[in-house]
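*Asks:* Let's see this in three dimensions:
(2 chains)
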There are 2 protein chains.
Amino acid sequence: MRIINRTDLPSLKRSVDQGTQEQRASVQNIIARVKQEGDQAVRDFTEQFDGVTLEKMKVTKEEFEQAYESVDGEFVSILEEAAANIRAFHEKQKTSSWFDTNPDGTLLGQKITPIDAAGVYVPGGTAAYPSSVFMNVIPAQAAGVEKIVMVTPPGEDGQVPAGVLLAAHILGVEHVYKVGGAQAVAALAYGTETIPAVDKITGPGNVFVALAKREVFGDVDIDMIAGPSEIAVLADETAKAEEIAADLLSQAEHDARSSSVLVTTSSQLAEDVKEAVLQQVEKLPRKEIAGKSVEDYGMIVLCRDHEEAVAAVNEMAPEHLEVMTASPFDDLAKIKHAGAIFLGPYSSEPVGDYFAGPNHVLPTNGTARFSSPLNVDDFVKKSSIISYSEQALKTNADKIARFARLEGLEGHARAVEIRKERWT
Amino acid sequence: MRIINRTDLPSLKRSVDQGTQEQRASVQNIIARVKQEGDQAVRDFTEQFDGVTLEKMKVTKEEFEQAYESVDGEFVSILEEAAANIRAFHEKQKTSSWFDTNPDGTLLGQKITPIDAAGVYVPGGTAAYPSSVFMNVIPAQAAGVEKIVMVTPPGEDGQVPAGVLLAAHILGVEHVYKVGGAQAVAALAYGTETIPAVDKITGPGNVFVALAKREVFGDVDIDMIAGPSEIAVLADETAKAEEIAADLLSQAEHDARSSSVLVTTSSQLAEDVKEAVLQQVEKLPRKEIAGKSVEDYGMIVLCRDHEEAVAAVNEMAPEHLEVMTASPFDDLAKIKHAGAIFLGPYSSEPVGDYFAGPNHVLPTNGTARFSSPLNVDDFVKKSSIISYSEQALKTNADKIARFARLEGLEGHARAVEIRKERWT
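*Replies:* Numbering: from 1, shown residues only, chains lettered A, B, ... in the order given. The predicted structure follows:
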């Protein structure tokens, strides 16, 4: 973990991995085939990429029940409590339709409607990610989405991890399909005989999943393309080095490309954290991943003053930001760009990953400059409402017609003017 | 204009034009060159595609003043009144940061921050589109975006239409560059020596602009890819055929690929509107475009009952929907998918294009199923706030650690557990 002076760093921005031309071509081909051949193509690609021959794509009631019985009751309670916390937070994000009336009788407003169907991609791999199920499904449910369709790649045994099924079961998600990769994204976007088409696809995945989401964007909506996870810690001498080190490593263990950065004005803290990271990483089961991540993308940025430190954080626009300073709420006012902001010594990042309530699907790669944590607004859309009154049209018809003619759109002008026959 | 029974129509969905492989490759090349060569590439492509050698890319103060003096004061007032209406509506879309505290001292919340810089693409062509300037810039300004950068292709004379400059001037936009096409999108996304990089690009354009926006999506945010404009009119026998016909033609005149559709249960109204369209189209200056649009994409859908008619509208998810029925507000409750909804006889679609206040940048091609009119939320982003208390961590540390271990993330568990040393 290098300690670098802020002034020696040219840029703190990371760039987005767009995939290779070959990967893009491969994804385009997969999508075209799924669009055309439906289930058959999905089965073929699952055999090819996952090495699994799917008998049934859809998870059965029996499989849900088996998953439920495979874990102990205490763990079910923890999951249920986490789900309740996440639901409580997202319920607060709901917004209402509104309208406003003018004395002349005109009504203008905005109607909020949930999308009809949401698709959730849950990544596969050796571990189960029930938290990913919660974080993608609960905002959609809070938004009022009626149909939720989940896809997740089957393991070598053709099964989906029990934790994922359990999480889906707790939330009442019935449509779960054992399909992953670009073929799953294509199936969600265009529908097959078995898998229903949805209006929006969310959830993280590998580069093929990301490219497929980018490809189908426009036909359906997608969330931001997720990159490797990131944490920045803004800390001063009031923070404990061991806690910072542990938090940095909690992100470093995700992926060898994850980035964990401490930003501080204290050179003593910088040294202590560096030391603590080196000690702690050795004891982690995922020490190879975490070690490589810290070596390649880990960094301690030493700043001349607090202002420079805050500016560095804003330039990074990190996915996760921990603020462990003497007065974190003062700093909150200065922070412009970060996906989730963890304030104070007890707000360790994993608290937000699993339990506190806010979403853990967050903008990466500096996209917090312009995008948000996954939230209820992602699953609704607005319609503008215009109810113009006779009086308003009388007053404004000529102005509107003149505006239209300036833009060379005579038909627009006439559509307004033809109403004048009503009162002349 | 064909009259077709709803039951004879298989699907009302339109598909999105994704461009050809050649167009995509060309756009990728343009973007790569602008990213690498900056201004020089922008100048080269402007010479190649617009036939213009740019002396200065940036519009000067003198050019703004000339534009202002080239139009009469009455027209300036109309523009100013329109801008004020649009601003008033968008100001109402603003949302606030919020937080919530638990008795144990935990604070959870959501912070709203505007993006730093927004880029607006204003299409070129023979006419000027001041309304496009208003509709893209005002929501960004209402959101609190500090830097707004506008690009628009130069005409053959190397100039930008006065109406566009006037509109920018009225809003106080200073960064206007005479650059269009994919090169303008690339310049906004990555910045050049002259053109500042932005965080989000909005505004309509041709297929190259649309493909370029799709290409840079992820590095910056974009609005939805705009397709040809659309109108659907849901009407019963209480509506006037001539007014409906004029409104349908107001969209048909935009583009030969625009679609204008009447949905009704009245066969008499269907016949009358068909007749009125044929008569009115002949008298339009843009009758060739409007005529072709009506012939290729115009349609009168005859439904058996009102329920079927509303369902047809929801299946179309039209950009613009006019409801000219006996009780339009009753119908509003049943309409799930439409970009803007115009209620009653006086709400002719052009009222919304120019003047009423709601945005005219609307989801096309059925994307109203999942996307919204351009709005203030498009120019802000959220950050989650988590300030966990000591008490909350004491109560929940073990649960969080257990959850993390189930997902195979030991480092996450330890980051929480290391805090336990504080109280043991």
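
*Asks:* Check which residues of stretch A:280-288 are buried.
*Replies:* The neighbour-count check on stretch A:280-288 (16 or more other Cβ atoms under 10 Å in any protein chain shown) flags A:Gln280, A:Val281, A:Leu284, A:Arg286, A:Lys287 as buried. (Glycine included, C-beta is placed from N, CA and C.)

*Asks:* So which of the residues you listed belong to helices?
*Replies:* Mapping those onto helices (DSSP state H) picks out A:Gln280, A:Val281, A:Lys287.

*Asks:* Run through the strands of chain A in chain order.
*Replies:* Remark: strands assigned in chain A by DSSP state E are A:2-5, A:98-101, A:107-114, A:117-121, A:147-151, A:175-177, A:200-202, A:221-222, A:230-235, A:259-264, A:299-302, A:320-324, A:340-343, A:380-387.

*Asks:* Pipe these into TSV and attach distance to A:Glu271 per row.
*Replies:* Converted to TSV, the strands of chain A look like this (distance: least, Cβ to Cβ, whole Å):
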stretch	distance to A:Glu271
strand A:2-5	7
strand A:98-101	54
strand A:107-114	52
strand A:117-121	42
strand A:147-151	46
strand A:175-177	49
strand A:200-202	41
strand A:221-222	43
strand A:230-235	13
strand A:259-264	10
strand A:299-302	9
strand A:320-324	16
strand A:340-343	23
strand A:380-387	49
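
*Asks:* what about A:Ala41, distance to A:Ala25?
*Replies:* 16 Å (Cβ to Cβ, to the nearest Å).

*Asks:* more neighbours, the two?
*Replies:* A:Ala41 (20 against 12; other Cβ atoms under 10 Å in any protein chain shown).

*Asks:* OK, contacts around the more buried one?
*Replies:* A:Ile30, A:Arg33, A:Val34, A:Gln183, A:Thr192 (Cβ atoms under 8 Å, 6 or more residues apart in numbering or on different chains).

*Asks:* Any of those residues buried? List them.
*Replies:* Buried members of the contacts of A:Ala41, counted by 16+ other Cβ under 10 Å: A:Ile30, A:Arg33, A:Val34, A:Gln183, A:Thr192.

*Asks:* which of these lies closest to B:Glu407?
*Replies:* Comparing the buried ones among the contacts of A:Ala41 against B:Glu407 with Cβ to Cβ places A:Gln183 closest, at 24.9 Å.

*Asks:* Without its sequence neighbours, what residue ends up closest to the closest one?
*Replies:* Nearest non-adjacent residue to A:Gln183, counting by Cβ to Cβ, 6 or more residues apart in numbering or on different chains: A:Phe45, 4.0 Å away.

*Asks:* Surely that neighbour and A:Val185 touch.
*Replies:* No - at 11.1 Å, A:Phe45 and A:Val185 do not qualify as touching, with contact defined as Cβ atoms under 8 Å.

*Asks:* Which of the two has more residues huddled nearby?
*Replies:* A:Val185 (32 against 22).

*Asks:* and the closest residue to that one other than its chain neighbours, how far is that from A:Val27?
*Replies:* Counting by Cβ to Cβ, 6+ apart, A:Val185 lies nearest to A:Ala212, which is 3.7 Å off, once chain neighbours are set aside. According to Cβ to Cβ, A:Ala212 stands 5 Å off from A:Val27.

*Asks:* Kindly point out which residues are neighbours of both of those two.
*Replies:* A:Ala182.

*Asks:* between those two, who's got more neighbours?
*Replies:* Comparing A:Ala212 with A:Val27 by other Cβ under 10 Å, the one with more neighbours is A:Ala212, at 29 against 26.

*Asks:* Isn't A:Gly144 up against A:Asp116?
*Replies:* No - counting by Cβ under 8 Å, A:Gly144 sits too far from A:Asp116 to count as a contact (10.3 Å).

*Asks:* quick one: which of the two has more around it?
*Replies:* Neighbours were counted for A:Gly144 and for A:Asp116 using other Cβ under 10 Å; A:Asp116 has more, 19 against 14.

*Asks:* And the closest residue to the more buried one other than its chain neighbours, how close does it get to A:Phe89?
*Replies:* Spatial nearest neighbour of A:Asp116, excluding adjacent residues (Cβ to Cβ, 6+ apart): A:Asp199 at 5.8 Å. Spatial separation of A:Asp199 from A:Phe89 under the definition Cβ to Cβ is 24 Å.

*Asks:* how many neighbours does the nearest residue to A:Thr95 once chain neighbours are set aside have?
*Replies:* The shortest distance from A:Thr95 to any non-neighbouring residue, by Cβ to Cβ, 6+ apart, is to A:Ile112 (6.1 Å). Counted with other Cβ under 10 Å, residues neighbouring A:Ile112 total 18.

*Asks:* And A:Ser384, by the same measure?
*Replies:* Using other Cβ under 10 Å: A:Ser384 sits among 25 other residues.

*Asks:* just A:Phe355 next, same as before
*Replies:* Using other Cβ under 10 Å, A:Phe355 has 26 other residues around it.

*Asks:* That one contacts A:Asn85, correct?
*Replies:* Yes - using Cβ under 8 Å, A:Phe355 is in contact with A:Asn85, at 6.0 Å.

*Asks:* how about low-confidence regions in the stretch 1-150 of chain A?
*Replies:* A:14-17, A:126-127 (pLDDT under 70).

*Asks:* near chain B, which residues of it?
*Replies:* Contact residues, the stretch 1-150 of chain A versus chain B (Cβ under 8 Å from any Cβ of the partner chain): A:15-16, A:18, A:75, A:78-79, A:81-82, A:89, A:92-93, A:95, A:98, A:100, A:106-108, A:110-111, A:113, A:115-116, A:126-131.

*Asks:* Double-check A:Ala356 against A:Asn85; I have them as touching.
*Replies:* Yes - if you go by Cβ under 8 Å, A:Ala356 and A:Asn85 touch, sitting 6.4 Å apart.

*Asks:* So which of the two has more stuff around it?
*Replies:* The neighbour comparison of A:Ala356 against A:Asn85 (other Cβ under 10 Å) goes to A:Ala356, with 25 against 19.

*Asks:* And the more buried one, how far from A:Leu343?
*Replies:* For A:Ala356, the distance to A:Leu343 equals 12 Å [Cβ to Cβ].

*Asks:* so what sits against both of these two?
*Replies:* B:Ile386.

*Asks:* Can you report how many residues neighbour the closest residue to A:Glu242 other than its chain neighbours?
*Replies:* Nearest residue to A:Glu242, sequence neighbours excluded (Cβ to Cβ, 6+ apart): A:Ala276, at 5.0 Å. Neighbourhood size, A:Ala276 [other Cβ under 10 Å]: 21.

*Asks:* for A:Ala276, what are its contacts?
*Replies:* Contact analysis of A:Ala276 by Cβ under 8 Å, 6+ apart lists A:Ala241, A:Glu242, A:Ile244, A:Ala245, A:Ala246.

*Asks:* And the residues you listed, which is closest to B:Gly203?
*Replies:* A:Ile244 (43.6 Å).

*Asks:* Tell me which two of the buried residues of stretch A:280-288 sit farthest apart.
*Replies:* A:Gln280 and A:Arg286 (11.9 Å).

*Asks:* Hmm, B:Glu407 and A:Tyr129 touching each other?
*Replies:* Yes - using Cβ under 8 Å, A:Tyr129 is in contact with B:Glu407, at 5.8 Å.

*Asks:* who's more crowded, those two?
*Replies:* A:Tyr129 (23 against 19).

*Asks:* Next up, the contacts around that one.
*Replies:* A:Val122, A:Pro123, A:Pro161, A:Gly163, A:Val164, B:Glu407.

*Asks:* Next, give phi and psi for it.
*Replies:* Per-residue torsions, A:Tyr129: phi -120, psi 70 (degrees, to the nearest 10).

*Asks:* From A:Ile400, how far out is it?
*Replies:* Using Cβ to Cβ, A:Tyr129 is found at 54 Å from A:Ile400.
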